[in-house]
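1. Fold the following and give me the result.
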Amino acid sequence: MNLPAGGDRARYDRATAHLDAPLAIVDLAAFDANADDLVRRAGGKPIRVASKSVRCRALLERVLARPGFAGIMSYTLAESIWLARSGFEDVLLAYPSADRAGFAELAGDPKLAAAVTVMVDDPAQLELIDTSRDGAGPHEIRVCLELDTALHLFGGRFRVGARRSPLRDPAALADLARTVCARPGFRVVGTMGYEGHVAGVGDALAGRPFRSRAIRLMQATARKELAARRAEAVRAVRAVVPDLEFVNGGGTGSVQQTAAEDAVTEIAAGSGLYVPRLFDNYTSFRGRPAALFAQPVVRRPGVGVVTVLGGGYPASGAAGADRLPEPYLPQGLRYDSQEGAGEVQTPLLGSPADDLLIGDRVWFRHAKAGELCERFESLHLVEGDRVTATVPTYRGEGRTFL
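-> Have a look, this model is predicted:
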């Protein structure tokens, strides 16, 4: 687990003393150290940055300027087009889209069509794209095919992994590749497989040793099964598309394991730059919390209690306590079980509350990475004990893509 240094709270308070909370920061020393660690773990394979985990153009530019990073993995077609028009030249859309206007814009602009690759796992998606771009332009659409990475056990009766692509078998992936190649105006350039049950699930849960061991066993089984199936799928697709440009895989929690697969040519990662609280429970790496937000103390309801303004910023996914932000600094604060993290106020309990005054800050870590940026218009970039720049998030640029 990432334990906070006592000096960090004082440093962040000094750096932001001239600012009113609520506010969000990114500690650039931690951000850069996390970027270096991702590159080390990738073992020479390029890292494609998952934009949904960053949601700030300035920080996307910063990390892509570092050796070892190349390209963006986006999450909506509108975002992909916006990023491409902003100068990012290699954008892979990680999810299929039904944005007809976006597809018409993409097909009608040769620079966009060359910069953006769309995700496909069903021939019906090709039909939607063709209908959308009717008369918009002849430019070829770059296509990536997604392989289902879920682990199926007991003859498929038990599934572990996200419900994403229907393309599980290598033959099915190759069949779709042939369908794309036979359809004018499309070109297969890559394949993708995101093993979220490995990359996005911690295997060292505090106080839960048996569950942790079960997760490690599941992940070891899943990695072995997927490595063999992905290699077979890539061979099958390359038999149809010999000039395949990339094979994308992985995520922050599985960088080194996925990079070890010969079939994989690049790794996707993004959360490992900010290191939100859901990434504390991994045996394979230790990151430095880089993105935090501060809420001001506005009430002192009693002994051992303070109330901060707002703070109810739950993360997506299955509802549970692990989706709530973590009261991080000062250490020792916890939620009131009857109220939790509230929309307009959040009571916090614990002995450190008695040392907090009206106007003091409590620093939180979000459960996930980029979702924090949907709550703040800007990120204050901290170096040492100073804010050296303030940059807009997607929200601060008026962009709410999803």
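2. What separation is there between the spatially most central residue of the chain and residue 346?
-> Central residue check for the chain by C-alpha atoms, centre = their mean: the C-alpha nearest the mean position is that of residue 53, 3.4 Å away. According to C-beta to C-beta, to the nearest Å, residue 53 and residue 346 sit 24 Å apart. C-betas here are computed from N, CA, C, even on glycine.
3. how long is stretch 261-277 from one end to the other?
-> Between the opening and closing residues of stretch 261-277 we find a distance of 28 Å, counting by C-alpha to C-alpha, to the nearest Å.
4. got the buried residues for that stretch?
-> Of the residues in stretch 261-277, those with enough neighbours to count as buried (16 or more other C-beta atoms under 10 Å) are 261, 263-277.
5. which regions of the chain lie under the pLDDT threshold?
-> Applying pLDDT under 70 to the predicted model, the residue ranges of the chain that meet it are 1-6, 135-138, 154-156, 196, 198-200, 202-204.
6. related to what we said a few turns ago, what is the most widely separated pair among the buried residues of stretch 261-277?
-> Pairwise distances across the buried residues of stretch 261-277 peak at 32.5 Å for 263 and 277 (criterion: C-beta to C-beta).
7. Straight-line length of stretch 315-322, end to end?
-> From the first residue to the last, stretch 315-322 extends over 9 Å; the measure is C-alpha to C-alpha.
8. contacts for it?
-> When contacts are defined by C-beta atoms under 8 Å, 6 or more residues apart in numbering, stretch 315-322 is touched by residues 276-278, 323-324, 366-368, 371.
9. looking at those, which has the most residues close by?
-> The most crowded member of these is residue 366, carrying 28 neighbours; neighbours defined as other C-beta atoms under 10 Å.
10. Excluding chain neighbours, give the residue nearest to it in space.
-> The spatial neighbour of residue 366 that comes closest, neighbours along the chain excluded (C-beta to C-beta, 6 or more residues apart in numbering), is residue 372 at 4.1 Å.
11. Give the full set of residues in contact with the one you found.
-> Under the criterion of C-beta under 8 Å, 6+ apart, the contact partners of residue 372 comprise 24, 274, 276, 291, 293, 313, 366.
12. Name the SS class of it, please.
-> Recorded secondary structure, residue 372: helix (DSSP: H, G, I helix; E, B strand; the rest coil).
13. now do residue 152
-> Put simply, residue 152 is strand when judged by three-state DSSP.
14. that older thread, how far away is the residue nearest to residue 366 from residue 69?
-> If you measure residue 372 against residue 69 using C-beta to C-beta, the figure is 21 Å.
15. for residue 92, what are its contacts?
-> Residue 92 makes contacts with 48, 71-74, 116-117, 119, 144, 190, 192, 248, as judged by C-beta under 8 Å, 6+ apart.
16. how about 7 Å then?
-> Applying C-beta atoms under 7 Å, 6 or more residues apart in numbering, we find residue 92 in contact with 48, 71, 73-74, 117, 144, 248.
17. Return the member of these nearest to residue 64.
-> Nearest to residue 64 among those, counting by C-beta to C-beta, is residue 71 at 7.9 Å.
18. burial measure for the nearest residue to the closest one once chain neighbours are set aside, as a count.
-> Excluding its sequence neighbours, the residue lying closest to residue 71 (C-beta to C-beta, 6+ apart) is residue 90, at 3.9 Å. Per other C-beta under 10 Å, the neighbour tally for residue 90 reads 18.
19. Check the gap between residue 90 and residue 253 for me.
-> Plainly put, residue 90 is 24 Å away from residue 253 if you go by C-beta to C-beta.
20. repeat for residue 380
-> As for residue 380, its distance to residue 253 is 28 Å (criterion: C-beta to C-beta).
21. Among those two, which residue is more densely surrounded?
-> residue 253 (27 against 20).
22. In a strand, the more buried one, correct?
-> No - assessed with three-state DSSP, residue 253 is helix; it does not lie in a strand.
23. my read: it touches residue 281, true?
-> No - using C-beta atoms under 7 Å, residue 253 and residue 281 do not qualify as a contacting pair, with a distance of 9.5 Å.
24. which residues touch residue 290?
-> The contact partners of residue 290, taken as C-beta under 7 Å, 6+ apart, are 26-27, 30-31, 34, 273-275.
25. For it, give me the backbone phi and psi.
-> As for residue 290, its main-chain torsions (degrees, to the nearest 10) stand at phi -110, psi -30.
26. What are the boundaries of the strands in the stretch 101-250 of the chain?
-> In the stretch 101-250 of the chain, the strands defined using DSSP state E, counting those that start in this stretch lie at 116-120, 141-146, 151-153, 158-160, 186-193, 246-249.
27. now for the second one, which elements pack on it?
-> This means strand 141-146. Packing contacts for strand 141-146, counted by 3 or more C-beta pairs under 7 Å, 6 or more residues apart in numbering; DSSP states H and E, involve strand 116-120, helix 170-181, strand 186-193.
28. For residue 351, find the nearest of the ones you listed.
-> With respect to residue 351, and counting by C-beta to C-beta, the nearest of these is strand 186-193 at 47.5 Å.
29. Neighbouring strands of that closest one in the sheet, and parallel or not?
-> For strand 186-193, the paired strands and their directions (DSSP bridges) read strand 141-146 (parallel), strand 246-249 (parallel).
30. Check which helices and strands the longest strand anywhere in the chain sits against.
-> The strand of greatest length in the chain, counted in residues with DSSP state E as the criterion, is given as strand 291-302. Contact analysis of strand 291-302 by 3+ C-beta pairs under 7 Å, 6+ apart lists strand 23-27, strand 305-309, strand 361-365 as its packing neighbours.
31. now these as TSV including mean neighbour count and distance to residue 38?
-> Listed next are those as TSV, based on neighbours: other C-beta atoms under 10 Å; distance: least, C-beta to C-beta, whole Å:
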stretch	mean neighbour count	distance to residue 38
strand 23-27	22	16
strand 305-309	21	32
strand 361-365	25	19
